[in-house]
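Undergrad: The following comprises the amino acid sequence and a computationally predicted model.
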Amino acid sequence: MLNFKKMHGLGNDFVILDGRENGLSLSLEQRRFISDRKRGVGCDQLIVIERSQNFSETNFMRIYNPDGSEAEACGNATRCVADLLMREDNIDNIVIETVVGNLNCWREAEKRIRVEMGIPSLKWRDIPLSKEVDTLSLPLEEEPVAVSIGNPHCVFFIEFKDASGAQARYGGLDDWPDEEVEKQGKRFETDPLFPNKTNVEFVQVIAPDHVRMRVWERAAGITQACGSGACAVAVAAIKRGLTERKMTVSLDGGDLMIDWPSDDAPVYMTGPVTYVFDGVLSFNG
């Protein structure tokens, strides 16, 4: 029997397990079962909180995709876990360890959590890519940007007018059907340029301090929000000279505030968290 919490960040939802006391060793099949929306609990990512093996005062966050594979980063899950742990100790800041480094987190007003997501990289080996190319203009259709936020991202900036200036088929990302996001997302997630596959973001610039994005998450599909994806979009937009360094990123599930003070600074993400329910899970057989 496993106790769990269900939480979400802007609709990006998680099953959170606490393995700090007794440890948890979940098989691939168990991870898939828990994540399955028809046979298990259902979630975009399964999160396991563990004791840090490196630092006595931090907790480790492990992230699994619905297919059971391990993910490197998840900004929305980080906010949810930070909220839980800070409430547990009645504190307003905490450090969470992940496979890509330690993330500083703070509680802000209006039930919002701010996370230092680390220094992004546009180096082709860090993302990683299968060959050396210009990461600000990949040799793919529409010349997307590749960014690492501890995990790989491929960012497309979409123009919704044709070459003559006439309105295109869709007025904007709000009009894009899920079928289009899925079609293009699947296509580029598995492109040979990305040996570890990639998250795929589609972006419309609304204003210098506001962008709209939709996301196809690697191994998860369309999600309501993606925190690391929003950070990648902000980095890509800034490096392309399309926006200011602080912006609102509007996702299907709501808004995140992203701030990248300088090229050698970490990216900061601020957004809400929502507790849904507690539950008890048992594996049949």
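TA: Looks like it arrived, so ask away.
Undergrad: Is Val235 in a helix, a strand, or coil?
TA: With DSSP: H, G, I helix; E, B strand; the rest coil as the basis, Val235 sits in helix.
Undergrad: Hmm, it is touching Pro120, no?
TA: Yes - using Cβ atoms under 8 Å, Val235 is in contact with Pro120, at 4.7 Å. Backbone N, C-alpha and C define where each C-beta goes, glycine included.
Undergrad: which neighbours do the two share?
TA: 147, 149, 260, 267 (Cβ atoms under 8 Å, 6 or more residues apart in numbering).
Undergrad: and which of those is nearest Arg51?
TA: Within the set of these, Ile149 lies nearest Arg51; the separation is 25.1 Å, counting by Cβ to Cβ.
Undergrad: The residue lying closest to that closest one once chain neighbours are set aside: what secondary structure?
TA: Using Cβ to Cβ, 6 or more residues apart in numbering and skipping the chain neighbours, the partner closest in space to Ile149 is Ser228 (4.3 Å). Following three-state DSSP, we place Ser228 in the helix state.
Undergrad: Helices along the stretch 51-200 of the chain, start to end?
TA: Here the stretch 51-200 of the chain has its helices, by DSSP state H, counting those that start in this stretch, at 75-89, 178-189.
Undergrad: Flag every buried residue along the shortest one.
TA: This means helix 178-189. For helix 178-189, burial by neighbour count (16 or more other Cβ atoms under 10 Å) applies to 181, 184-185, 188-189.
Undergrad: Measure how buried the residue nearest to Ile149 is and give me the count.
TA: Ser228 has 32 neighbouring residues, counting by other Cβ atoms under 10 Å.
Undergrad: separation between it and Pro272?
TA: Distance from Ser228 to Pro272, counting by Cβ to Cβ, to the nearest Å: 17 Å.
Undergrad: And for Val95?
TA: From Val95 to Pro272 the distance is 21 Å (Cβ to Cβ).
Undergrad: now swap in Pro192 and tell me
TA: 38 Å.
Undergrad: So between those two, which is more surrounded?
TA: Per other Cβ under 10 Å, whichever of Pro192 and Pro272 has more neighbours is Pro272, with 20 against 8.
Undergrad: Got the phi and psi for that one?
TA: The phi and psi values for Pro272, taken as degrees, to the nearest 10, are phi -90, psi 160.
Undergrad: again, but for Asp134
TA: Dihedral angles (degrees, to the nearest 10) for Asp134: phi -70, psi 110.
Undergrad: and it, how many neighbours does it have?
TA: Neighbour tally, Asp134, other Cβ under 10 Å: 12.
Undergrad: so what's it up against?
TA: Asp134 touches nothing, counting by Cβ under 8 Å, 6+ apart.
Undergrad: same check, this time on the one 3 residues further on
TA: Under the criterion of Cβ under 8 Å, 6+ apart, the contact partners of Ser137 comprise 143, 145.
Undergrad: Beta-bridge partners for the residue nearest to Cys80 when sequence neighbours are not counted, please?
TA: Excluding the flanking residues, the one nearest Cys80 by Cβ to Cβ, 6+ apart is Met7, at 4.2 Å. On the basis of DSSP bridges, Met7 is bridged to Phe14, Tyr275.
Undergrad: Could you check how far Met7 is from Asp174?
TA: 26 Å.
Undergrad: likewise Leu140?
TA: Leu140 is 24 Å from Asp174, by Cβ to Cβ.
Undergrad: how's the chain carved up into domains?
TA: Domains of the chain are assigned by automatic domain parsing as 2-118+273-281, 145-265.
Undergrad: who wins for proximity to Leu129 among those domains?
TA: Short answer: domain 145-265, nearest of the domains of the chain by Cβ to Cβ, at 5.5 Å.
Undergrad: What degree of burial does the residue nearest to Cys226 when sequence neighbours are not counted show, as a neighbour count?
TA: Residue nearest to Cys226 in three dimensions, not counting chain neighbours: Val215, with 4.4 Å by Cβ to Cβ, 6+ apart. Residues lying near Val215 (other Cβ under 10 Å) number 29.
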